[in-house]
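Engineer: can't give you the sequence, but here's the structure:
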């Protein structure tokens, strides 16, 4: 079995790369715009050999970038029944020199108290949790955010909700900013509500493009989605998509 797989490889099984990476690989196969990445597989999480480190660093060099995002991808993560959202570790803008220590932090996150509590609550045996790590070309977004393809606040029917901020969308996920919030009708494609507490972030075209992309991803997965996105130099990237649980 492999220690490392790339985002464009075929016939990759979820148990080798974890839920988050497997879902991204499916999106890559269907031509969604995903930043290039490789995955350190669940097989490698118990290894710390010199050869593994060499293989990881060589893969980093093939990404041809100076910084990466390093994200956990556990076998129990981003499923229909349990998302484990925010339970494992993710790190942004990691340079080559800090890559290995950051990967080890992701591996160690399976033993954190919050993961233990979440797994116990959902009746998931800890010994069944295996973790892979995504190493992805860092997108230094001019704008970023999340899209829910149904209104999780239950104020509207048949709509999606876009949350956007200037810079990295991680600020929204971490609760550091009050984002622009836009409610869009799925059928009408019209803006039903817009709240911009810190000023307007998205143009009308960006709202339209993000809405169409979100609906396409929802149709692909056949279930409501929680999508993380970024815009850099006018181009939309999908960073993550998971079921709304």
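Structural biologist: Done, it's in. Just so we're clear, the structure is a prediction, and the values are computed from it rather than from any experiment. Numbering: from 1, shown residues only.

Engineer: wait, is residue 193 part of a helix?
Structural biologist: No: read with DSSP: H, G, I helix; E, B strand; the rest coil, residue 193 is strand and lies in no helix.

Engineer: Residue nearest the middle of this protein, spatially speaking?
Structural biologist: residue 240 (2.7 Å; Cα atoms, centre = their mean).

Engineer: secondary structure class for it?
Structural biologist: Assignment for residue 240 (three-state DSSP): strand.

Engineer: That one: what's it in contact with?
Structural biologist: The contact partners of residue 240, taken as Cβ atoms under 8 Å, 6 or more residues apart in numbering, are 20, 23, 24, 71, 227, 228. For every residue, glycine as well, the C-beta is placed using N, CA and C.

Engineer: In stretch 137-144, which residues are buried?
Structural biologist: By 16 or more other Cβ atoms under 10 Å, the buried positions in stretch 137-144 come out as 137, 138, 139, 141, 143, 144.

Engineer: cool, stretch 222-242 as well?
Structural biologist: Quick answer for stretch 222-242 (16+ other Cβ under 10 Å): 225-231, 236-242.

Engineer: what's the answer for stretch 43-55, then?
Structural biologist: 43, 44, 45, 52, 55.

Engineer: Quick check: the two most widely separated of those?
Structural biologist: The span of these, defined through Cβ to Cβ, is set by 45 and 55 at 14.0 Å.

Engineer: and the residue located most distally from the centre of the chain, how far is that from residue 225?
Structural biologist: Residue farthest from the centre of the chain, counting by Cα atoms, centre = their mean, is residue 50 at 28.9 Å. Distance of residue 50 to residue 225, computed by Cβ to Cβ, to the nearest Å: 40 Å.

Engineer: what do you get for residue 66?
Structural biologist: 31 Å.

Engineer: and what of residue 17?
Structural biologist: The value you get for residue 17 to residue 225, if Cβ to Cβ is used, is 19 Å.

Engineer: what does the strand or helix carrying residue 59 contact?
Structural biologist: Using DSSP states H and E, the element containing residue 59 is helix 50-62. Residues outside helix 50-62 that contact it (Cβ under 8 Å, 6+ apart): 3, 4, 38, 40, 44, 68, 96, 99, 100, 103, 135.

Engineer: Out of the buried residues of stretch 137-144, flag the one nearest to residue 188.
Structural biologist: Nearest to residue 188 among the buried residues of stretch 137-144, with distances taken as Cβ to Cβ, is residue 143, at 24.0 Å.
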